[in-house]
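Peer 1: Output the structure for:
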Amino acid sequence: MFARRLIEIALSSIVAATGLFYVVAEGRAIVQTGAPFASGPALGLAPETRLAALHRCDTAMSGPGFGMQAELPRRAIAGACSDLAAGILDDAPSHGFAHLIAATAAATAGDTVSAARHLTASQDFAPFEGWLAERRLLLLAPRIADADTAGLVARDATALLHTETGAALLIGLARTSVPLRDILLDKAERLDPAERRRMFRLAHQSAIP
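Peer 2: Residues are numbered from 1 along each chain as shown. Next up, the predicted model:
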């Protein structure tokens, strides 16, 4: 119990550390302090601390700075975040955000099977949380040429089109992706007239330089 408490304190300190919003700094911190993210100790963390740690991993793995880091640091960050997500999911298997972080870490490691499994679980357990649907779309969009991936995107597109930011994101990404555009048009046909007008308005606004 004493060891676990020390780990919890260490993780809380990491979450509160300066530079929380800088992707490279986040990644470096996770690499240097990977031990507090091991799966076992995560079970004892308060929900707020878990959520903050998941957000740290999301920040570290989703920003443009992540792709510019060398392979070993990227894999170390992904491994630490994968351990964190696994520990949370052992205790809370329906945690949609933890499944998203597990999927992102798996995709970084090249494990497409695990990534798809965790993304599907994230959709199953958090189908209507727009911000998670947006994060899933950003992870899936570059891989949409794959039929299974397109199916996952189509599933989230329904929820995305019912929110202002989600619809704008979907429309913006569809401009450079034919498969995504096809999904968008298919979903648009099933919207009610008011929702369809809103989508066309957003499309027009995003086309204005």
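
Peer 1: max-length helix in this protein?
Peer 2: Assignment by DSSP state H gives helix 71-91 as the longest helix of the chain.

Peer 1: Tell me what angle whichever helix or strand comes after that helix forms with helix 71-91.
Peer 2: Counting by DSSP states H and E, the next helix or strand C-terminal to helix 71-91 is helix 96-108. In terms of direction (axes from the mean of the first three to the mean of the last three C-alpha atoms, to 10 degrees), helix 96-108 departs from helix 71-91 by 150 degrees.

Peer 1: Can you give me the buried ones in helix 96-108?
Peer 2: 96-108 (16 or more other C-beta atoms under 10 Å). To be clear about C-beta, it is placed using only N, CA and C from the backbone, and glycine gets the same treatment.

Peer 1: Same check on stretch 185-201?
Peer 2: Quick answer for stretch 185-201 (16+ other C-beta under 10 Å): 187, 188, 191, 198, 199.

Peer 1: ditto for stretch 152-167
Peer 2: In stretch 152-167, the ones that count as buried by 16+ other C-beta under 10 Å are 152-161, 163, 166-167.

Peer 1: Can you pull the poorly scored residue ranges out of the chain?
Peer 2: 1-45, 206-209 (pLDDT under 70).

Peer 1: Helices along that one, start to end?
Peer 2: Counting by DSSP H, the helices of the chain are 2-15, 23-32, 39-42, 47-62, 64-68, 71-91, 96-108, 112-125, 130-140, 147-160, 164-174, 178-188, 193-207.

Peer 1: Distance check, residue 204 against residue 179.
Peer 2: Residue 204 sits 22 Å away from residue 179, going by C-beta to C-beta, to the nearest Å.
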